[in-house]
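Enquirer: after the sequence you'll find the predicted model.
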Amino acid sequence: MKRTFLDKMDVALFKHLNAGHEPTTTQSVWYGFLGGAITALAAFTLQMCGASREAQSVVIGILGISAFAFVLWKSLDEIKGFDAWWKSVLYTAYLLFFSGIAFTAGVWALTLAICILFIMLILKIFFPSNKKSKRGKVIFSDGTEKEARQTGKGICGEEYWTDEDGGQHVKY
């Protein structure tokens, strides 16, 4: 089994307290991170749906407690492996500390991801890419025609064209 830095630190700190100790820190941190991301997603969804503050608090509290309970449940065999209660409490506090940091990181990671998606959406709407520059003709009122290429689109659907002489035209 490949050991990460967190598992190596776990072994260094707790191996002398329990001879058969197997580290669960990386697993706990991963579950804490996922719990934070799920809780943040639920909070975002509840806020967007217009749920009351009380309902948001209850759901977020239940999800947060469930995330930490899941971390402890997945590590229960290792917690029970210690021969003294204070060693089990110490290891539990250790796991909850690092899981709490990962929980917070999960909340921030999902919040940042949502912000980046909204910024990308706004940029896509207001500054569309012009990779597919259309070619066409501009026909003037006297019947003359000039070759032109589409240089952009506006937010209301208007098209901006530049003819071969550099003249700017708008098609509504």
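Expert: In hand now; what should we look at? Residues are numbered from 1 along each chain as shown.

Enquirer: next one: the longest helix anywhere in the chain to chain centre, how far?
Expert: In the chain, with assignment by DSSP state H, the single longest helix is helix 85-126. With CA atoms, centre = their mean, to the nearest Å as the basis, helix 85-126 stands 9 Å off its chain's centre.

Enquirer: tell me what that helix is packed against?
Expert: Packing partners of helix 85-126 (3 or more CB pairs under 8 Å, 6 or more residues apart in numbering; DSSP states H and E): helix 5-14, helix 25-49, helix 53-74, helix 76-80. Every residue, glycine included, has its C-beta placed from N, CA and C.

Enquirer: what lies in contact with the next helix or strand after that helix?
Expert: Once helix 85-126 ends, the next helix or strand along the chain (criterion: DSSP states H and E) is strand 135-139. Residues outside strand 135-139 that contact it (CB atoms under 8 Å, 6 or more residues apart in numbering) are 145-150, 161, 163, 167, 169.

Enquirer: try it again with 10 Å
Expert: For strand 135-139, contacts defined as CB atoms under 10 Å, 6 or more residues apart in numbering pick out 144-150, 159, 161-165, 167, 169, 171.

Enquirer: that one pairs with which strands, parallel or anti?
Expert: strand 145-153 (antiparallel) (DSSP bridges).

Enquirer: quick check, central residue of this structure?
Expert: Nearest to the mean C-alpha position of the chain, by CA atoms, centre = their mean, lies residue 110 at 2.7 Å.

Enquirer: helix/strand/coil for the residue lying farthest from the centre of the chain?
Expert: Checked against the mean C-alpha position of the chain, the extreme residue using CA atoms, centre = their mean is residue 142, at a distance of 56.9 Å. Here residue 142 takes the coil state, with states given by DSSP: H, G, I helix; E, B strand; the rest coil.

Enquirer: quick one: it from residue 89, how far?
Expert: 90 Å (CB to CB, to the nearest Å).

Enquirer: how about residue 65?
Expert: Note on residue 65: its distance to residue 89, by CB to CB, is 18 Å.
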